[in-house]
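Enquirer: Build me a model from this:
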Amino acid sequence: MELGSYPIKHMITVSNLALQFSDKKLFEDVDLKFTPGNCYGVIGTNGARKSTFLRILSGDLDLSSGDIHIAPGQRMAVLKQDHFEFDNNEVLETVIMGHKELFDIRNEKDALYAKEDFNSEDGIRAAELEETFAELDGWDAETNAEKLLMALSIGKKLHSKFMHELTGAEKVKVLLAQALFGNPDILLLDEPTNHLDIRAISWLEEFLINYEKMVIVVSHDRHFLNKVCTHMVDIDFTKIKMFVGNYDFWYESSKLALRLMKDQNKKQEEKIKELQNFIARFSANASKSKQATARKKMLDKIDVLDIQPSSRRYPFVGFTPEREAGKDILYIDSLSKTVDGNKLLDNVSFDVNKGDKICFVTRNPLAMTTLFKILMGEIEPDEGSYRWGVTTSRALLPIDNSEFFDGVDSTLVDWLREFSTEKDESFIRSFLGRMLFSGEESLKKANVLSGGEKVRCMLSKMMLAATNVLILDEPTSHLDLESI
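Expert: The predicted model follows:
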């Protein structure tokens, strides 16, 4: 990665980028410009290499050809994906480590002041460090780090604990606070809403809406992308293109462009007029938020020729029960459960009626998973009881599906056949095809699938089961936007 003499208005300039692994082209002929004050949502199907693109921007991966120029003096922060990297660091310290220069200066000056033979040269160096430390807002570093953690519901009692003492969900929040700490000029976020509770996601949305610097984010959360993004960066096969607007604007405009392209009888002037009306309608619907106002100004200036159809493929998800459920579905009475000394369920009671669609909201995802395991008969409650209606049949999409894939050396066709009473290969392939595993894809080994591919296989398994009650534990995790 080079630093170029490009004007500051283009903070990141990507020129003729290409990346190739072995004989496979991942990206080619990519030209993009990222500017301050905008939030760029990176989208693409599972396997489109969205995370790879962020790694290229951060300098973690070398290019096959092309250049990435970052304006001089810009600090970049990246949301870490390794949840064990800081296990031996205290929580508050981990957040401050997000600003490496500040963290290093603090450590160096503390080491100088701790010297028994502190001399005049040390004094001069300490003065230099103190000046830079103050310029970087070092004296408020701990206070600012605490504010970020508190906003993400990491209470003060956890700030002095080591990272290995935290739960997985708590670690995610600390690493997010680390990336946000110190107002970086460029913020790279890979799936920042994964494992966050609704309250934390809402806070992050507002934080990014009001963030005046540059954000580039990979996310499969459509609502999140609509709320915060001013641009979409679409990775489609080996090409990467940038479009003004949020996800809904990109999605609707690409569908409209595809329909107009297929309409051979419509005159060019009529097509342009329809696209212009579409842009005007989206602009008029913009809300009063800061990001929406920015999008509206951009949409007003958009060239209709910039709107292009997408080559996206969409899976089919459809659940047809073998037997219709009766009136009685589920009765839960005073369920309680403690796991490893933590009371996850406390006197839980509710009924489920025919046709109900129930969303569980919790700050602790483990509580929800525990409830679902009890209802599926996998574990027993400590107290209380539950009763399923005699006409019900249940299927669970678990948040952890590793037991279904780890160590399994069979192809997807053979894997799915294990869960089907109908063993005919064409029948099995039809269910895999609905989830975009067609042709050679259906002969992949089950143990080499990506996270999103595993969830799509689990959905195929659930469709085959033909149950009349569905229990879904974080069903959108790992899925791309098309599957969601």
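
Enquirer: what is the rounded mean pLDDT of stretch 395-408?
Expert: In this model, stretch 395-408 has a mean pLDDT of 93.

Enquirer: could you dump it to CSV, C-alpha only?
Expert: Extracted as CSV, the C-alpha positions of stretch 395-408 are listed here (Å, rounded to 0.1, in the frame of the first residue of the first chain):
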residue,chain,number,x,y,z
ALA,A,395,-37.6,-28.1,13.9
LEU,A,396,-34.8,-26.0,15.3
LEU,A,397,-32.2,-23.9,13.5
PRO,A,398,-29.5,-23.7,16.1
ILE,A,399,-27.1,-20.8,16.5
ASP,A,400,-24.2,-23.4,16.7
ASN,A,401,-24.5,-26.0,13.9
SER,A,402,-21.0,-27.3,14.1
GLU,A,403,-22.2,-30.8,15.3
PHE,A,404,-23.9,-31.3,11.9
PHE,A,405,-20.7,-30.5,9.9
ASP,A,406,-17.5,-31.1,11.8
GLY,A,407,-15.7,-34.2,10.7
VAL,A,408,-18.4,-35.0,8.1
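
Enquirer: Show me what counts as buried in it.
Expert: 395-399, 401, 404-405, 408 (16 or more other Cβ atoms under 10 Å). Where C-beta positions appear, they are placed from N, C-alpha and C, glycine not excepted.

Enquirer: I'd like to know which of the residues you listed are part of strands.
Expert: 395-397 (DSSP state E).

Enquirer: which residues are contacting stretch 192-208?
Expert: By Cβ atoms under 8 Å, 6 or more residues apart in numbering, the residues outside stretch 192-208 that reach it are 39, 79, 151-153, 168-169, 172-173, 176, 179-180, 215, 217, 219, 221, 224, 227-228, 291, 361-363, 365, 477.

Enquirer: ah, wrong one, I meant stretch 154-162
Expert: 87-92, 146, 149-150, 166, 170, 173-174, 177.

Enquirer: and if you look at stretch 450-464?
Expert: Stretch 450-464 is contacted from outside by 46-47, 315, 317-320, 395, 397-398, 401, 404-405, 412, 415-416, 419-420, 431-432, 434-437, 444, 446, 449, 470, 475, 477-480, 483, using Cβ under 8 Å, 6+ apart.

Enquirer: mind listing the strands for the stretch 201-350 of the chain?
Expert: Remark: strands assigned in the stretch 201-350 of the chain by DSSP state E, counting those that start in this stretch are 214-218, 231-236, 239-244, 328-339, 342-353.

Enquirer: so what secondary structure elements neighbour the first one?
Expert: When you say that, I think you mean strand 214-218. strand 39-43, helix 50-58, strand 186-190, helix 222-228 (3 or more Cβ pairs under 8 Å, 6 or more residues apart in numbering; DSSP states H and E).

Enquirer: Let me know which of these is tucked in deepest.
Expert: Most buried of the helices and strands packed on strand 214-218, by mean neighbour count (mean count of other Cβ atoms under 10 Å): strand 39-43, with a mean of 25.

Enquirer: Let me see the mean pLDDT of it.
Expert: 95.

Enquirer: partner strands of that strand, parallel or antiparallel?
Expert: Using DSSP bridges, the strands paired with strand 39-43 are strand 214-218 (parallel), strand 231-236 (parallel).

Enquirer: Compute the first-to-last residue distance for stretch 208-226.
Expert: The first and last residues of stretch 208-226 sit 12 Å apart, counting by Cα to Cα, to the nearest Å.

Enquirer: just stretch 351-371 next, same as before
Expert: Stretch 351-371 has an end-to-end distance of 14 Å (Cα to Cα).

Enquirer: Give me the buried positions along stretch 111-122.
Expert: Within stretch 111-122, the residues scored as buried using 16+ other Cβ under 10 Å are residue 112.

Enquirer: which among the contacts of stretch 450-464 end up buried?
Expert: 46, 315, 395, 397-398, 401, 404-405, 412, 415-416, 419, 431-432, 434-437, 444, 446, 449, 475, 477-480, 483.

Enquirer: if we can go back for a sec, hmm, which two among the contacts of stretch 154-162 are most spread apart?
Expert: 88 and 150 (23.5 Å; Cβ to Cβ).

Enquirer: Neighbour count for the two, which is higher?
Expert: The neighbour comparison of residue 88 against residue 150 (other Cβ atoms under 10 Å) goes to residue 150, with 13 against 10.

Enquirer: which SS state does that one fall under?
Expert: Put simply, residue 150 is helix when judged by DSSP: H, G, I helix; E, B strand; the rest coil.

Enquirer: Then the one 4 residues further on?
Expert: When the structure is reduced to helix, strand and coil (three-state DSSP), residue 154 reads as coil.

Enquirer: sorry, back to before: least reliable of the strands paired with strand 39-43 by average pLDDT, please.
Expert: Mean pLDDT per stretch puts strand 231-236 lowest among the strands paired with strand 39-43, at a mean of 92.

Enquirer: Just the residues contacting that one, thanks.
Expert: With Cβ under 8 Å, 6+ apart as the test, strand 231-236 has contacts from 27, 32, 38-44, 48-50, 53, 216, 225, 240-247, 249-250, 298, 310-312.

Enquirer: Mind checking which of those residues are buried?
Expert: 27, 32, 38-44, 48-50, 53, 216, 225, 240, 242-247, 249-250, 298, 310, 312.

Enquirer: follow-up on the earlier one: so of the strands paired with strand 39-43, which one's packed in deepest?
Expert: Taking mean count of other Cβ under 10 Å, strand 214-218 is the most buried of these, at a mean of 24.

Enquirer: Could the C-alpha coordinates of that strand be exported in PDB?
Expert: Output of strand 214-218 as PDB, limited to C-alpha atoms (Å, rounded to 0.1, in the frame of the first residue of the first chain):
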ATOM      1  CA  MET A 214     -15.200   7.900   6.900                       C
ATOM      2  CA  VAL A 215     -16.800   4.500   7.600                       C
ATOM      3  CA  ILE A 216     -16.500   1.400   5.400                       C
ATOM      4  CA  VAL A 217     -18.700  -1.400   6.700                       C
ATOM      5  CA  VAL A 218     -19.500  -5.000   5.700                       C
END
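
Enquirer: what does it rub up against?
Expert: 11-12, 34-43, 50-51, 53-54, 57, 185-192, 208, 225, 228-229, 233.

Enquirer: my guess is residue 275 contacts residue 306, does it?
Expert: No - using Cβ atoms under 8 Å, residue 275 makes no contact with residue 306, being 9.7 Å away.

Enquirer: Show me which of those two is the more surrounded one.
Expert: residue 275 (20 against 14).

Enquirer: quick one: that one from residue 239, how far?
Expert: As for residue 275, its distance to residue 239 is 21 Å (criterion: Cβ to Cβ, to the nearest Å).

Enquirer: do the same with residue 419
Expert: From residue 419 across to residue 239, the span is 37 Å (Cβ to Cβ).

Enquirer: next one: residue 153
Expert: Here the distance between residue 153 and residue 239 works out to 40 Å (Cβ to Cβ).

Enquirer: Neighbour count: the two, which is higher?
Expert: A side-by-side neighbour count of residue 153 and residue 239, using other Cβ under 10 Å, places residue 153 first with 16 against 12.

Enquirer: for residue 96, phi and psi?
Expert: Note on residue 96: its backbone torsions stand at phi -70, psi -30 [degrees, to the nearest 10].
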